[in-house]
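Asks: 3D, please:
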Amino acid sequence: MPHRIAVLAFDGISPFHLSVPRLVFGDDIPSLLGDHYAVTTCAESRELSTSAGYRITVPAGLEAFEDAETVVVPSWRVGLRPSAALLDALAALRAERLPAARAHLERAISVLPRRGLSALVLAGAPADEVGWLAALAADHPRGAELRLEHAARFAAASAPAPAVLLSEREREILRLLRDGATNGEMARCLYISVNTVKFHRANLMRKLGARNRAEVLEAATVLGLLRPVGPQRRSKGVEDAIRLLPPA
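Replies: Just a heads-up that it's a prediction; the model follows:
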């Protein structure tokens, strides 16, 4: 089975830059290893102009990314800027600063180029993080224009399964889940909103592949992320914090 390569083209691309991946990996040069590579050129639009002044027809759309094992971006169009805002949004999401992540996504939308290819810079991020950005973008009337589904599909199809890495807040939520705290009690203990607790719980469940509290605790224990203390048993610190905090 040949290694599948998708080459990204865009409007105004240099024909020379576009030809290099096929010269290296394509059928024009016989391979000592036989049919080692299968190269497909793809773009959002099947008809593209080039920097040389003529037009070309591209054989595939961006759906080719779903089956590709390697993606080659032979050049990058000058002025294609929203990638910086998307990376800022990803950094804010990882730092658990949701308002900042929304603000960066809105900035990315406001400076969209004519073709929304810049979302592909997120294709190397974990699929769950791209999914959360897509969920945040969905709240914006123009969020669909970011085309984050392309990055999400490629991340889900090609990224290796990462080790389970939990943020400090997720570890706090995990310990409170072990102690039997409710969403409201967790919010009061950590001085955050119930919606923020739900966000971290959902992210925790996604990372651990769990559907409920019991599966979260089981997976965390198996992975060594948590030491069992008995069903629904609360630590004294959690009890004291819940008792001393004012009611919600």
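Asks: Just the C-alphas of the biggest helix by length in the chain, formatted as CSV.
Replies: Longest helix of the chain, by residue count under DSSP state H: helix 194-208. Extracted in CSV, the C-alpha atoms of helix 194-208 (Å, rounded to 0.1, in the frame of the first residue of the first chain):
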residue,chain,number,x,y,z
VAL,A,194,-20.7,25.9,37.2
ASN,A,195,-20.4,26.3,33.4
THR,A,196,-16.6,26.3,33.7
VAL,A,197,-16.8,23.2,35.9
LYS,A,198,-18.9,21.5,33.1
PHE,A,199,-16.3,22.6,30.5
HIS,A,200,-13.5,21.0,32.4
ARG,A,201,-15.5,17.8,33.2
ALA,A,202,-16.3,17.4,29.5
ASN,A,203,-12.7,17.9,28.6
LEU,A,204,-11.7,15.4,31.2
MET,A,205,-14.2,12.8,30.0
ARG,A,206,-13.0,13.3,26.4
LYS,A,207,-9.4,12.8,27.3
LEU,A,208,-10.1,9.7,29.3
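Asks: And the helix or strand following that helix, what's buried?
Replies: Downstream of helix 194-208, the next assigned helix or strand under DSSP states H and E is helix 213-222. Buried residues in helix 213-222, defined by neighbour count with 16 or more other Cβ atoms under 10 Å: 216-217, 219-220. Where you see a C-beta, it was placed from the backbone N, CA and C, and this is true even at glycine.
Asks: The residue nearest the centre of the chain: which element?
Replies: Taking Cα atoms, centre = their mean as the criterion, residue 130 is the residue nearest the geometric centre of the chain, at 2.0 Å. Here residue 130 sits within helix 127-137, counting by DSSP H and E.
Asks: and that helix, what other elements does it pack with?
Replies: In terms of contacts (3 or more Cβ pairs under 8 Å, 6 or more residues apart in numbering; DSSP states H and E), helix 127-137 is packed against helix 82-94, helix 98-110, helix 148-158, helix 194-208.
Asks: Please name whichever of those helices is nearest to residue 177.
Replies: Among the helices and strands packed on helix 127-137, the nearest to residue 177 by Cβ to Cβ is helix 194-208 (7.6 Å).
Asks: Return the set of buried residues in that closest one.
Replies: Neighbour-count burial for helix 194-208, counted by 16+ other Cβ under 10 Å, picks out 196-197, 199-201, 203-205, 207-208.
Asks: and of the residues you listed, the nearest to residue 11?
Replies: Taking Cβ to Cβ as the measure, residue 11 sits nearest to residue 203 out of these, at 36.9 Å.
Asks: Point out where this protein drops to low pLDDT.
Replies: For the chain, the stretches flagged by pLDDT under 70 are 26-35, 65-66, 76-83, 112-121, 123-124, 150, 152-163, 227-248.
Asks: again, only this time at 90
Replies: Along the chain, the parts satisfying pLDDT under 90 run over 1-53, 59-168, 171, 178-180, 203, 205-248.
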